[in-house]
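1. prediction below, plus the sequence it came from.
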Amino acid sequence: MNRCLTLTAAPSMSEAMNAIPSRHPEKLDRPDSPIPRKPDWIRVRAPMSKEYAETRALMRQLKLNTVCEEAACPNIGECWKQKHATLMILGSVCTRACAFCNVATGLPDQLDPHEPARVGQAVAALGLAHVVITSVDRDDLEDGGAGHFAETIRQIRSLAPATTIEVLTPDFLRKAGALETVVSARPDVFNHNLETVPRLYRSVRPGARYFASMQLLARVKDLDPAMFTKSGLMVGLGETRDEVLQVMDDMRAADVDFLTIGQYLQPTPKHHPIDRFLPPDEFSQLKEMAQGKGFLLVAASPLTRSSYHAGEDFERLRAARVARPA
């Protein structure tokens, strides 16, 4: 079946504010930054389809988390209508406190050893051609959750052998051997998002290190030169175009194959403020510039997210590699 899994409508302002104490206790003392009205090109329909309800019911039945819900992705209605979902493993609570992210922060629960098998069951039940597996950061685990990623890949291979697998991993900062564990499980695509430009890391992604993330992507190619690598950027956080172009150059130096660029959307007034909304033509310009730098594939639009249209993009990625002269 020609489906892929990139597994809540965005919360209302009152819902978002009420959730801050439980989901983001570290942000309580931050000053409020009003959320500007979205331009017309970012409006999306509320999820109402039968397929959306069926996908949501399956996730509840198997007790699985999706980044679509936890991060309040604007594309959830479109993706779930097609039974696409990005599954989020290692629990629903993150040990980091990134200023852009809506995933809950705090002390995570114990690792669920049965979660990888349930993920495999969900992939098989949905009949997916392509699945994206992501996770929270788990700095509390010795291997950062790498073994859990590897077991999840094995379970999918066992229960849905025709499905191609994309992982979107944390940075595994100071977790020796973690990257090797994931790569040795042979996902089809290894994705790790840079998220923003180096200058903004301290305010946007304070628990991470830009060059450590870049080295992670480069190391994947050292371990398996044939594995596709992918990374994503948000724009509208206060970066300059020259800074974005420099990140593109850094990615190409690390031999990253696929770049995604999308508009940052502020989850609550306690999160990092939106600097500006880039119009669609600016995304087209960024895409053209990135293609000129030699990426195999570039996806850039206001609503582009790492897992958006991931299945279709994987087929384009494979075709681009075959078509590229040796």
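-> Done, it's in.

2. wait, Ala146 sits on Ala176?
-> No - the pair Ala146 and Ala176 does not pass the contact test of C-beta atoms under 8 Å, sitting 10.3 Å apart. (Glycine included, C-beta is placed from N, CA and C.)

3. more neighbours: these two, which one.
-> Remark: of Ala146 and Ala176, Ala146 carries more neighbours, 25 against 10, as counted by other C-beta atoms under 10 Å.

4. distance check, that one against Lys293.
-> Distance from Ala146 to Lys293, counting by C-beta to C-beta, to the nearest Å: 30 Å.

5. ok, now Lys221?
-> 16 Å.

6. which one's more surrounded, these two?
-> Lys221 (18 against 13).

7. can you tell me the helix or strand for the more buried one?
-> Using DSSP states H and E, Lys221 falls within helix 210-223.

8. all helices for the stretch 1-150 of the chain, in order.
-> Per DSSP state H, counting those that start in this stretch, the stretch 1-150 of the chain carries helices over the ranges 13-23, 50-61, 67-70, 76-81, 115-126, 146-159.

9. what strands line up against the next helix or strand after the last one, and which way round?
-> Where DSSP H and E defines the elements, the next helix or strand beyond helix 146-159 is strand 164-168. When sheet partners are counted by DSSP bridges, strand 164-168 sits next to strand 130-135 (parallel), strand 189-191 (parallel).

10. for strand 164-168, buried residues please.
-> By 16 or more other C-beta atoms under 10 Å, the buried positions in strand 164-168 come out as Thr164, Ile165, Glu166, Val167, Leu168.

11. again with stretch 227-243
-> Within stretch 227-243, judged by 16+ other C-beta under 10 Å, the buried ones are 228-239, 243.

12. next, the contact list for Ser301, please.
-> Ile261, Gly262, Pro280, Phe283 (C-beta atoms under 8 Å, 6 or more residues apart in numbering).

13. that one and Ser92: what is the separation?
-> In terms of C-beta to C-beta, Ser301 sits 28 Å off from Ser92.

14. in what helix or strand does the residue lying closest to Asp224 once chain neighbours are set aside lie?
-> Closest residue in space to Asp224, ignoring its immediate chain neighbours: Val183 at 5.6 Å, by C-beta to C-beta, 6 or more residues apart in numbering. Using DSSP H and E, Val183 sits in helix 178-184.

15. and that helix, what does it pack onto?
-> Packing partners of helix 178-184 (3 or more C-beta pairs under 8 Å, 6 or more residues apart in numbering; DSSP states H and E): helix 146-159, helix 210-223.

16. closest one of the buried residues of stretch 227-243 to Ile274?
-> Gly236 (5.5 Å; C-beta to C-beta).

17. thought that closest one was touching Tyr264?
-> Yes - between Gly236 and Tyr264 there is a contact at 4.3 Å, judged by C-beta under 8 Å.

18. name the helix or strand of this structure that has the lowest mean pLDDT.
-> Lowest on mean pLDDT, DSSP states H and E among the helices and strands of the chain sits strand 4-5, with a mean of 42.

19. and the furthest pair within the buried residues of strand 164-168?
-> Greatest spacing in the buried residues of strand 164-168, by C-beta to C-beta: Thr164 and Leu168 (14.0 Å).

20. backbone dihedrals for Arg186, please?
-> Main-chain dihedrals, Arg186, degrees, to the nearest 10: phi 60, psi 60.

21. quick one: contacts for it?
-> The neighbours of Arg186, taking C-beta under 8 Å, 6+ apart as the test, are Ile153, Asp224, Met227.

22. CA atoms only: put stretch 138-145 into PDB for me.
-> Taking C-alpha atoms only, stretch 138-145 is exported to PDB below (Å, rounded to 0.1, in the frame of the first residue of the first chain):
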ATOM      1  CA  ARG A 138      17.000  11.200  27.000                       C
ATOM      2  CA  ASP A 139      20.200  12.600  28.600                       C
ATOM      3  CA  ASP A 140      19.300  10.400  31.600                       C
ATOM      4  CA  LEU A 141      20.100   7.200  29.800                       C
ATOM      5  CA  GLU A 142      23.600   5.900  29.400                       C
ATOM      6  CA  ASP A 143      23.300   5.400  25.600                       C
ATOM      7  CA  GLY A 144      20.800   8.300  25.100                       C
ATOM      8  CA  GLY A 145      18.200   5.800  23.900                       C
END
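
23. which of the residues in that stretch are classified as buried?
-> So, applying 16+ other C-beta under 10 Å, buried residues of stretch 138-145: Arg138, Asp139, Leu141, Asp143, Gly144, Gly145.

24. in strands, which of those fall?
-> Within the buried residues of stretch 138-145, no residue falls in strands by DSSP state E.

25. where does pLDDT dip in the stretch 1-150 of the chain?
-> Scanning the stretch 1-150 of the chain for pLDDT under 70 picks out the ranges 1-22, 44-52, 54-56, 58-59, 62-85.
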